[in-house]
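[1] task: produce atomic coordinates for the following.
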Amino acid sequence: MAAYAALVSVFTIIDHIQNHPRLSISFDMNHLESLGEKVGFLLDFVENDTHGVVSNQVEVLESQIASAAYAAEDVIESHVVDQIQLDEIATGSIPMLELQKVMEDIDSIKKKVLEFKDEIGSNNDLQLTSTTSSTPLITTDKSSMVGFDEQLLQLLDKLTGQRSNRRVIPIEGMVGIGKTTLAKVACEHSLIVHHFDIRTWVTISQKYNVRELFVQLLSWQSKPDRELYRETKEQLGDKLHKKLWGRRYLIVVDDIWSLEAWDRINIFFPDNNNGSRIVVTTRISDVAFHFDSLFIKLNFLDEDKSWKLFCEKSFGQVGCPSELEDLGKEIVKKCKGLPLAISVIGGLLGRSHMTQEYWKDIAKDIPSILNSREDENCSSILSLSYTYLPPHLKPCFLYMGIFPEDEEIRVTQLIKLWVAEGFIRSNKSQSWEEIARGYLNDLIGRNLILKHMLGSNGRIKICKIHDLLRNLCLEVAQKEEFISVMEEKPRGTERGRRIVFSEKILHANYESRVLHTLQLGSLTRTWVTSIDGRLSNNRLLRVMSCNNGRKKKYLRRHMVDQVNMRYLAYNDESKIMSACVKLPSSIAVLWNLQTIIIRGKIEVPSQIWEMRQLRHLDMFSLLLPIPPRSCDKQHDEIVLHNLQTLKEVINFVWSEEACKRVPNVRKLKIYADSSNDYSLYNISHLHKLESLRCSLLGTDNMLQKLAFPCSLKKLSLSYGNGLWEDLTVIGSLPCLEVLKLSMDSVKGTVWNPVEGEFLRLKFLSIYWSYLVYWNAGSSHFPVLEKLVLELMLGLDEIPVEIGEISTLEFIHVRLCTESAAVSAMKIAEEQENACNEGLRVRVVIEGKDELESFQEKMKQSEDDDINFTRNNFQVGLF
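    Numbers count the residues shown, from 1 in each chain. Model (predicted):
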């Protein structure tokens with residue numbers, strides 16, 4: 001919703017100005033306070049009186065409110081930019097006529113709002129509310145499909161059948177029917193996991209890039225290797241063919257629209273005559289028929305299955321309250337058996353007030369929406385889910401339209417963007433980022449955003465949005481002039497406040513026209529593109545996110561032209577700058593800069609310590625100067641209270657003074673050589689630090705040089721040659737949940753953990769270590785959930801007692817000794833015999849000879865214990 005986002009943004013700007021030591025004197029504080037009060041009134045109206053109300057009158061009011069808020073932004077920010085660029089701050093010099101006009105317009109709208117509120121009075125039908133983002137999520141992840149159990153069994157049978165030749169299995173159905181979900185559930189089924197040597201996935205969609213398809217196939221469920229981006233599509237295809245050759249593989253080709261796309265990748269899928277399978281999902285019947293006339297067809301759910309799915313999405317295992325059952329069945333019936341529509345409506349109602357009045361209002365609106373053409377029914381239902389979103393979630397949801405189709409979206413990036421755009425209304429108990437993550441969880445709980453990948457800490461790391469929902473975002477956002485997404489031709493950018501250019505623009509050779517047109521958009525606030533940053537006329541720009549071509553000249557000279565910038569990101573990790581770039585000393589004129597993300601080596605000037613609004617500094621290599629002392633003894637040193645992320649700081653001396661200047665840092669990534677101790681022990685003074693990644697190259701016994709704050713939840717150590725006995729320092733950390741030890745961070749052959757330590761550790765990873773004897777039991781890691789061991793070249797065995805940890809869900813052993821792999825298998829065997837169905841064990845072995853030797857050991861184990869089914873155990877070839 002443009003109105004809510006614009007009002008919150010004005011509030012935030014006013015707050016930043018009032019707390020700025022110099023800019024505050026250039027405004028009449030009485031005028032700003034008065035404006036803040038008027039904006040607050042309109043914001044209260046949008047939040048509490050328009051939620052779920054569908055009427056032309058409300059639409060007109062919201063449009064007028066958005067326009068007035070935009071005008072207020074333009075007047076205030078233009079004045080700020082003028083003051084900074086003139087290099088002098090004048091007292092109370094904001095143009096009175098412009099501000100007065102804005103105030104008069106807002107007063108006029110306020111009068112209309114009061115008339116509207118009098119008109120609706122206490123009419124409860126127009127006062128719909130919903131629960132806040134603090135409502136707990138209902139999760140129903142299962143290895144089955146509501147309504148399609150028969151089709152799942154049919155697919156599993158086709159995948160594991162006796163036919164040895166390569167087989168293509170098509171799944172056909174309309175958008176939102178459950179094709180992708182069926183393929184995903186089958187792909188992750190334990191029977192399939194153990195049956196195939198390789199499983200991989202590629203999403204094609206209507207418009208595709210062959211090179212990107214190969215990258216997807218080569219890097220499914222892992223981060224793409226940067227080297228892949230340097231290879232041609234022919235080289236990538238050959239690499240894929242070699243990877244699949246001689247192995248039993250399962251490939252899911254999701255959302256294919258044409259046989260042309262299939263022909264361009266099919267030649268790289270070998271027929272190994274060993275039972276390899278390819279699952280193809282499509283919404284085009286002719287495409288499905290081409291592969292197999294007996295394809296799996298997904299149809300609409302019947303009433304019973306629809307109701308079962310709705311209850312699962314709305315209530316989880318709790319069940320529908322009896323007083324809502326009739327209304328619920330009426331709503332479900334109007335969804336006409338479409339799983340996506342049922343899931344979205346279920347997610348909406350599952351997070352709303354469980355009242356008959358609220359559900360009646362939902363039920364009343366569905367019929368009129370469904371009276372449109374048949375092929376628009378799904379879109380109409382999805383539109384309803386947007387209409388009934390709480391106002392604070394609407395701009396966040398619409399913003400998902402800036403990401404390309406099928407994009408894997410990093411949650412941390414998404415949250416930073418929401419904050420920079422001004423969508424998040426502050427409160428006293430949470431940071432903006434914490435509030436934003438709550439919004440994300442709420443949207444996921446409503447089935448509007450998809451949870452795609454979890455991080456080591458169990459939090460959502462990658463999310464996605466369904467094509468259908470993305471199209472809804474684009475449709476509504478364009479209508480409200482909230483975002484202008486240019487996918488075909490650059491037009492209408494002069495008035496766009498948020499402009500997104502897809503790569504299709506570049507491929508169509510529109511780059512010069514785009515750059516010319518952008519110069520005209522003087523009120524543009526956001527620019528997301530693959531074009532470089534030549535934006536000299538966009539003086540009010542706040543967000544610039546580029547996915548291609550870092551321009552050193554821009555960073556050195558023209559970066560400071562955008563003094564209103566809040567978020568600057570060069571995101572493409574495949575094109576890391578080799579030479580160091582020194583940012584200009586005038587960077588401090590970017591008075592409101594919050595986030596800098598640059599995949600390169602960057603040297604920042606000492607003026608960085610004057611930038612009070614900084615929240616995230618994320619560089620591939622960051623050369624950070626020592627904070628300067630203030631020349632004025634009458635004033636305290638500037639403290640960067642908002643700074644939360646510092647990555648990756650190179651050879652920085654962590655003096656007590658430096659730590660005092662960044663008291664609220666939560667994520668810290670540091671690199672240090674052996675030329676100095678860099679006062680690393682002072683890191684313990686960072687009492688808000690939650691995540692620390694530390695690489696100490698050439699250092700001996702680094703654990704004796706480090707000290708950690710009690711707040712630490714995630715710790716990653718590389719190099720440093722610490723001693724296993726010194727890990728007691730880490731084990732005593734009261735909040736530690738994730739520990740990653742890699743690249744000789746700890747040396748020695750024996751680890752005897754101490755009981756009573758690692759009491760909250762959930763994730764343990766050890767990579768490239770020469771540990772031989774690990775004498776541990778369940779009491780040493782009482783709540784461990786995941787254990788990852790890689791390149792443990794001397795490990796004798798994994799202690800069998802590790803398998804007795806009641807919370808343990810997953811053991812992953814990759815490229816370790818055969819004896820370690822055998823011990824992992826024995827743990828799986830013992831836990832299966834103990835009826836522990838919650839533990840999965842995976843072993844990855846390098847070399848066919850080594851794999852055959854291990855399989856012999858497996859066969860012996862089967863002969864010794866005929867009850868060991870290995871349903872919880874999987875072995876694969878690296």
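
[2] might you list the low-confidence residue ranges for the stretch 551-700 of the chain?
    Under the criterion pLDDT under 70, the flagged ranges of the stretch 551-700 of the chain are 551-554, 556-558, 572-578, 630-636.

[3] so residue 484 touches residue 524, yeah?
    No - with contact defined as CB atoms under 8 Å, residue 484 does not reach residue 524; the gap is 9.2 Å. From N, CA and C alone the C-beta is placed, and that goes for glycine too.

[4] compare the two (neighbour count), which wins?
    residue 524 (26 against 23; other CB atoms under 10 Å).

[5] thought the more buried one was touching residue 500?
    No - between residue 524 and residue 500 there is no contact under CB under 8 Å: 11.2 Å.

[6] so which bits of stretch 820-838 are buried?
    The neighbour-count check on stretch 820-838 (16 or more other CB atoms under 10 Å) flags 820-832, 836 as buried.

[7] check stretch 9-27 too.
    Buried-residue list, stretch 9-27, by 16+ other CB under 10 Å: 9-14, 16-17, 20, 23, 26-27.

[8] so among those, where is pLDDT lowest?
    Ranked by pLDDT, those bottom out at residue 26 (69).

[9] and the longest helix for the protein?
    If you go by DSSP state H, the chain has its longest helix at helix 56-85.

[10] please enumerate the strands of the stretch 401-550 of the chain.
    Applying DSSP state E, counting those that start in this stretch to the stretch 401-550 of the chain gives strands spanning 409-410, 450-454, 460-464, 484-486, 498-501, 526-529, 543-546.

[11] cool, and the stretch 651-800 of the chain?
    So, for the stretch 651-800 of the chain - with DSSP E, counting those that start in this stretch - the strands run 667-672, 691-696, 714-719, 722-723, 738-742, 746-747, 750-751, 763-769, 773-774, 786-792.

[12] stretch 761-780: end-to-end distance?
    Distance across stretch 761-780, first residue to last, is 10 Å (CA to CA, to the nearest Å).

[13] which of the residues in it are buried?
    By 16+ other CB under 10 Å, the buried positions in stretch 761-780 come out as 761-767, 769, 771-772, 774, 776, 778, 780.

[14] equivalent analysis for stretch 741-753, please.
    Within stretch 741-753, the residues that count as buried by 16+ other CB under 10 Å are 741-742, 744-746, 748, 751, 753.

[15] point out the least confident one among these.
    Among the buried residues of stretch 741-753, residue 744 has the weakest pLDDT, 85.

[16] tell me how far it lies from residue 723.
    Separation of residue 744 from residue 723 (CB to CB, to the nearest Å) stands at 12 Å.

[17] one more: residue 68?
    65 Å.

[18] which of these two has more neighbours?
    residue 68 (26 against 15).

[19] and the more buried one, what pLDDT?
    94.

[20] and for residue 628, the neighbour number?
    12.

[21] that one and residue 606 touch, don't they?
    Yes - contact criterion CB under 8 Å: residue 628 and residue 606 qualify, at 5.0 Å.

[22] one step back: which of the strands of the stretch 651-800 of the chain sits closest to residue 567?
    Proximity to residue 567 (CB to CB) singles out strand 667-672 among those, at 16.8 Å.

[23] identify the residues contacting that closest one?
    The contact list for strand 667-672 (CB atoms under 8 Å, 6 or more residues apart in numbering) reads 621, 644-652, 678, 680, 683, 686, 689-697, 699.

[24] where along the stretch 651-800 of the chain do the helices fall?
    656-661, 728-731 (DSSP state H, counting those that start in this stretch).

[25] hmm, back to that, out of the buried residues of stretch 741-753, flag the one nearest to residue 803.
    residue 753 (16.0 Å).

[26] not counting its neighbours along the chain, what's nearest the closest one?
    Leaving aside its chain neighbours, residue 753 sits nearest to residue 780 (4.1 Å; criterion: CB to CB, 6 or more residues apart in numbering).
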